[in-house]
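Novice: Quick one: sequence plus predicted model below, questions after.
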Protein chains: 2
Amino acid sequence: MNWKQLFPQFEPALIEMIEKEAVQRTFYAGDVIMRTGQFIKSTVLVLEGRIKIYRENQEGGEFLMYYLEPGEACAVSMICAIQSTTSEIMAQAEENTEVLMIPIQLMDEMMNKYKSWYQFVIQTYRGRFEELLSVVDNIAFRNMDERLEFYLKRHAGDSGKKHIELSHQQIADDLNSSREVISRLLKKMEQRNLVKLHRNMIELL
Amino acid sequence: MNWKQLFPQFEPALIEMIEKEAVQRTFYAGDVIMRTGQFIKSTVLVLEGRIKIYRENQEGGEFLMYYLEPGEACAVSMICAIQSTTSEIMAQAEENTEVLMIPIQLMDEMMNKYKSWYQFVIQTYRGRFEELLSVVDNIAFRNMDERLEFYLKRHAGDSGKKHIELSHQQIADDLNSSREVISRLLKKMEQRNLVKLHRNMIELL
DNA sequence: CAGCTGCTGTGATTTCAGTCACAGTGTGAG
DNA sequence: CTCACACTGTGACTGAAATCACAGCAGCTG
């Protein structure tokens, strides 16, 4: 696929280098891409599909933080790459996903040589930092009903999909809540004509 | 004061540049250093004291994210400086605080010229990102009693102070909770011999 | 079609935290 | 000393969310 359109800001020399050095790889829906405590050996650029970045705790609870979509990069992999330390998060492919993997040894060189890469890295940090801030806002200040609405909107994504194919259980997991709570709140949303519920699918109105 | 000891990793040329260009400034306990939506014109290095970084919502609730201590820098100010955008957080001096303010125009040059500065910036990002992760963990997975214990430990800091001079109300504000809840939980901790309560002061055991 | 499994709906109960109301106590100002 | 005020302790109530228990239903398998 022609990935260059996804990163129009990259300068030609950088594109050349990536084309030469990076490895393209496919992950299938459900594949775990990165695991807590795992060593990172590459920086990941997303070309296609969607990656879910989440936190896991000892008791098996999980908590969605954000998604990576085409044209974005994993900030955690960059930070860890530069310092070659372990990651503290989980990454899982939500759909079949194409990524470019850039070996960490190249990071330093790219940062120094290519202004557009440097800008991209900073941009990525900033984006994820702000995303984390809004996550904190949500769980600190909002109730479950508001968080659920926010979740559905975000899950629909920029694409503006109207059909969200998830079971109530999956949503509950992402929000670190329980299935019954989500079912009840969704019912309330249906009564307010915000959504229409189907089996394994939620239709946004 | 001799701030160089706080940043031993800085190379001599960088120190020289900072000494020439940066402005030292004092904030007094309670001063608001940065406000949500405000434009950032400098990167901040902490020399002495402590700065509280927190999030505020519309209804007046606030929520502590982390502290900046001597030898640390404000990641948000760096990110915003590089992209010259507004901040999304509040920063307030907890004690009388000395900082070095480095004009944002110099950031680019420093990043390119001084490897040790570049490393420091990356290090700062990483540190704050992880701090945010642990904040998310806490509010997502932990109950108030555990969060309170975590808060007290963090507030004591690396210094290992045993006397925390805060009213229950201040703690409740930082945790976005209410005074009564904190009072009760502290009482329970006292019964478990974890702390000893005094007026405006909590003694860690 | 019968039976299984996974998804959904719903009531009852419990737990945690926030809120209200109020009382006691330490401290500082006058 | 006394008064005002901020800080602390506690009981009662409320509300949000988690948990338990169970029932109905869709879809698949054999």
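Specialist: That came in fine, so what should we check first?
Novice: elements contacting the longest helix anywhere in chain A?
Specialist: As assigned by DSSP state H, the longest helix anywhere in chain A is helix A:115-141. For helix A:115-141, the elements it packs on are strand A:62-68, helix A:75-83, helix A:105-113, helix A:144-156, strand B:51-56, strand B:62-68, helix B:75-83, helix B:115-141, judged by 3 or more Cβ pairs under 8 Å, 6 or more residues apart in numbering or on different chains; DSSP states H and E. (Glycine included, C-beta is placed from N, CA and C.)
Novice: Get me the contact residues on chain A for DNA strand D.
Specialist: Contact residues, chain A versus DNA strand D (Cβ under 7 Å from any atom of the strand): A:Asn143, A:Met144, A:Asp145, A:Asn176, A:Ser177, A:Ser178, A:Glu180, A:Val181, A:Arg199.
Novice: any chance of the residues you listed in CSV, with neighbour count and pLDDT too?
Specialist: Listed next are these as CSV, based on neighbours: other Cβ atoms under 10 Å in any protein chain shown; pLDDT from 0 to 100:
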residue, neighbour count, pLDDT
A:Asn143, 9, 96
A:Met144, 15, 97
A:Asp145, 14, 96
A:Asn176, 17, 96
A:Ser177, 18, 97
A:Ser178, 12, 96
A:Glu180, 10, 97
A:Val181, 16, 97
A:Arg199, 5, 94
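Novice: Show the overlap between the residues you listed and what lies near DNA strand C.
Specialist: Checking the residues of chain A next to DNA strand D against DNA strand C (Cβ under 7 Å from any atom of the strand), the matches are A:Glu180, A:Arg199.
Novice: and which of the residues of chain A next to DNA strand D is nearest chain B?
Specialist: Nearest to chain B among the residues of chain A next to DNA strand D: A:Asn176, at 5.4 Å, using Cβ to the nearest Cβ.
Novice: picking that back up, make a markdown table from the helices and strands packed on helix A:115-141 and add distance to A:Glu19 to it.
Specialist: What follows is these, written out as a markdown table (distance: least, Cβ to Cβ, whole Å):
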| stretch | distance to A:Glu19 |
| --- | --- |
| strand A:62-68 | 21 |
| helix A:75-83 | 19 |
| helix A:105-113 | 12 |
| helix A:144-156 | 32 |
| strand B:51-56 | 41 |
| strand B:62-68 | 40 |
| helix B:75-83 | 27 |
| helix B:115-141 | 26 |
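Novice: pLDDT-wise, which helix or strand of chain A ranks last?
Specialist: Using mean pLDDT, DSSP states H and E, helix A:75-83 stands out as the lowest-scoring helix or strand of chain A, at a mean of 78.
Novice: Output the following helix or strand past that helix in PDB, but only the C-alpha positions, please.
Specialist: Once the chain leaves helix A:75-83, the next helix or strand it forms, by DSSP states H and E, is strand A:90-93. Extracted C-alpha coordinates of strand A:90-93, given in PDB (Å, rounded to 0.1, in the frame of the first residue of the first chain):
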ATOM      1  CA  MET A  90      -0.600  -3.400  26.500                       C
ATOM      2  CA  ALA A  91      -1.200  -3.000  22.800                       C
ATOM      3  CA  GLN A  92      -3.700  -5.100  20.900                       C
ATOM      4  CA  ALA A  93      -4.900  -5.100  17.300                       C
END
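Novice: Which neighbouring elements make contact with whatever helix or strand comes next after strand A:90-93?
Specialist: The element immediately downstream of strand A:90-93 (helix or strand, assigned by DSSP H and E) is strand A:97-103. Judged by 3+ Cβ pairs under 8 Å, 6+ apart, the packing partners of strand A:97-103 are helix A:12-21, strand A:23-27, strand A:42-48.
Novice: wait, which of the helices and strands packed on helix A:115-141 is closest to B:Phe10?
Specialist: B:Phe10 lies closest to helix B:115-141 among the helices and strands packed on helix A:115-141, at 5.1 Å (Cβ to Cβ).
Novice: who in chain A is up against DNA strand C?
Specialist: So far as Cβ under 7 Å from any atom of the strand goes, chain A lies against DNA strand C at A:167-169, A:179-180, A:183-184, A:186-187, A:197-201.
Novice: ok, what's across the strand from the spatially most central residue of chain A?
Specialist: When chain A is reduced to its mean C-alpha position, the nearest residue by Cα atoms, centre = their mean turns out to be A:Tyr67, at 2.0 Å. Beta-bridge partners recorded for A:Tyr67 (DSSP bridges): A:Lys52.
Novice: my guess is it meets A:Tyr54, correct?
Specialist: No - judged on Cβ atoms under 8 Å, A:Tyr67 makes no contact with A:Tyr54 at a distance of 9.8 Å.
Novice: Can you report how many residues lie near A:Leu14?
Specialist: 18 (other Cβ atoms under 10 Å in any protein chain shown).
Novice: One more: A:Val44?
Specialist: 26.
Novice: I'd like the residues of chain A next to DNA strand D as JSON lines, with distance to A:Val76 appended.
Specialist: Formatted as JSON lines, the residues of chain A next to DNA strand D follow (distance: Cβ to Cβ, whole Å):
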{"residue": "A:Asn143", "distance to A:Val76": "29"}
{"residue": "A:Met144", "distance to A:Val76": "27"}
{"residue": "A:Asp145", "distance to A:Val76": "30"}
{"residue": "A:Asn176", "distance to A:Val76": "20"}
{"residue": "A:Ser177", "distance to A:Val76": "25"}
{"residue": "A:Ser178", "distance to A:Val76": "28"}
{"residue": "A:Glu180", "distance to A:Val76": "33"}
{"residue": "A:Val181", "distance to A:Val76": "29"}
{"residue": "A:Arg199", "distance to A:Val76": "35"}
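Novice: Out of the residues of chain A next to DNA strand D, the closest to B:Arg25 would be?
Specialist: Closest to B:Arg25, out of all of those and judged by Cβ to Cβ, is A:Asn143, at 40.6 Å.
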